[in-house]
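1. I would like to see how this sequence folds:
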Amino acid sequence: MRINHNIQALNAYRNLSQTMGSTSKSLEKLSSGLRINRAADDAAGLAISEKMRSQIRGLGMAERNALDAVSLIQTAEGALNETHAILQRMRELSVQAANGTLEDEDRGSIHLEIEQLREEIDRIAETTQFNQKVLLNGATSVSGSAIALSLVFQIGANSTENLTVELETMNSKSLEIETIDVSTASSASDAIAAVDNSIKIVSEQRAKLGAYQNRLEHTVTNLQTANENLTAAESRIRDLDMALEMTNFTRNNILNQAGQAMLAQANQLPQGILQLLQ
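-> Numbers count the residues shown, from 1 in each chain. Modelled structure (predicted):
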């Protein structure tokens with residue numbers, strides 16, 4: 001028997017230290033709810049998880065972007081709905097002015113109302129805004145004429161996933177009714193044709209906006225589904241199986257207690273040498 005080196009105690013201590021380390025890791029995992037708390041836990045899993053987290057956050061922001069785009073389109077479409085109503089009234093007045101029973105004075109009164117309506121169309125085009133961005137007065141000038149506003153929406157987690165929406169200018173000049181005149185029956189007939197053309201232009205723009213909105217609503221649904229699936233996949237990699245880890249923690253606790261008892265016993269072994277010295 002040797003007293004300078006208690007090999008049994010050293011073995012018991014080594015095993016106890018390993019078990020205590022495992023218990024500490026189990027406590028960390030159980031308290032955080034994560035299987036991977038640092039790269040050492042699973043280097044490859046951490047790398048994959050972080051890539052997924054980037055995509056998940058990107059998908060969440062893309063969904064918000066798409067919803068903002070829907071709101072913007074709804075704002076523009078709502079304004080064009082009012083423009084449509086004004087044009088219908090202007091057409092009604094033009095038809096009335098084309099009637100041969102009216103005097104010039106009567107047509108003058110009709111023309112006054114038409115002018116007010118035309119100015120309201122211009123006001124709508126100049127003041128319809130979303131987040132201080134004017135939507136219906138154009139953004140690019142060619143020979144002094146605003147032609148369209150082009151907006152790019154980021155609707156995906158990656159740089160190439162975007163949608164360009166073009167909003168045409170919807171003032172009286174673009175609708176070709178800036179100089180509409182109903183002072184005579186003949187000019188009133190021309191006004192009817194001009195307003196019909198304006199109604200067609202607004203209808204086409206509203207149809208485009210409706211198509212954009214339908215696409216974006218499907219985009220939002222797809223983003224939500226992708227986000228849900230990717231979150232579930234990331235959870236399977238990074239999140240902790242609580243039941244399994246609790247089993248490991250309980251086992252390690254038992255081993256800790258057993259290890260402490262065995263270490264105490266091993267430390268008592270050299271005491272037997274004293275009996276030889278008596």
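2. just the helices in the stretch 151-278 of the chain please.
-> Per DSSP state H, counting those that start in this stretch, the stretch 151-278 of the chain carries helices over the ranges 185-238, 242-268, 272-277.
3. ditto for the stretch 1-150 of the chain
-> So, for the stretch 1-150 of the chain - with DSSP H, counting those that start in this stretch - the helices run 7-32, 43-97, 104-127.
4. The ones you listed: which one's closest to residue 215?
-> Ranking the helices of the stretch 1-150 of the chain by distance to residue 215, with C-beta to C-beta as the measure, places helix 43-97 first at 9.4 Å. No exception for glycine: its C-beta is placed from N, CA and C like everyone else's.
5. Does anything pack onto that closest one? Which helices or strands?
-> Packed against helix 43-97, as judged by 3 or more C-beta pairs under 8 Å, 6 or more residues apart in numbering; DSSP states H and E, are the following elements: helix 104-127, strand 129-130, strand 148-154, strand 162-168, helix 185-238.
6. Is it possible to get TSV of these that adds mean neighbour count?
-> Output for the helices and strands packed on helix 43-97, formatted as TSV (neighbours: other C-beta atoms under 10 Å):
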stretch	mean neighbour count
helix 104-127	16
strand 129-130	16
strand 148-154	15
strand 162-168	17
helix 185-238	16
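7. Now distance to residue 267 and mean pLDDT too, for these, in CSV please.
-> Below are the helices and strands packed on helix 43-97 laid out as CSV (distance: least, C-beta to C-beta, whole Å; pLDDT from 0 to 100):
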stretch, distance to residue 267, mean pLDDT
helix 104-127, 88, 94
strand 129-130, 77, 92
strand 148-154, 67, 87
strand 162-168, 71, 92
helix 185-238, 42, 94
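8. Redo the ones you listed as a markdown table? Include distance to residue 93.
-> Below are the helices and strands packed on helix 43-97 laid out as a markdown table (distance: least, C-beta to C-beta, whole Å):
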| stretch | distance to residue 93 |
| --- | --- |
| helix 104-127 | 5 |
| strand 129-130 | 29 |
| strand 148-154 | 29 |
| strand 162-168 | 25 |
| helix 185-238 | 8 |
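9. For residue 153, give me its contacts.
-> 65-66, 68-69, 162-165, 216 (C-beta atoms under 8 Å, 6 or more residues apart in numbering).
10. ok, and the closest non-adjacent residue to it?
-> Residue nearest to residue 153 in three dimensions, not counting chain neighbours: residue 69, with 4.4 Å by C-beta to C-beta, 6 or more residues apart in numbering.
11. now residue 91
-> Nearest non-adjacent residue to residue 91 (C-beta to C-beta, 6+ apart): residue 195, at 4.3 Å.
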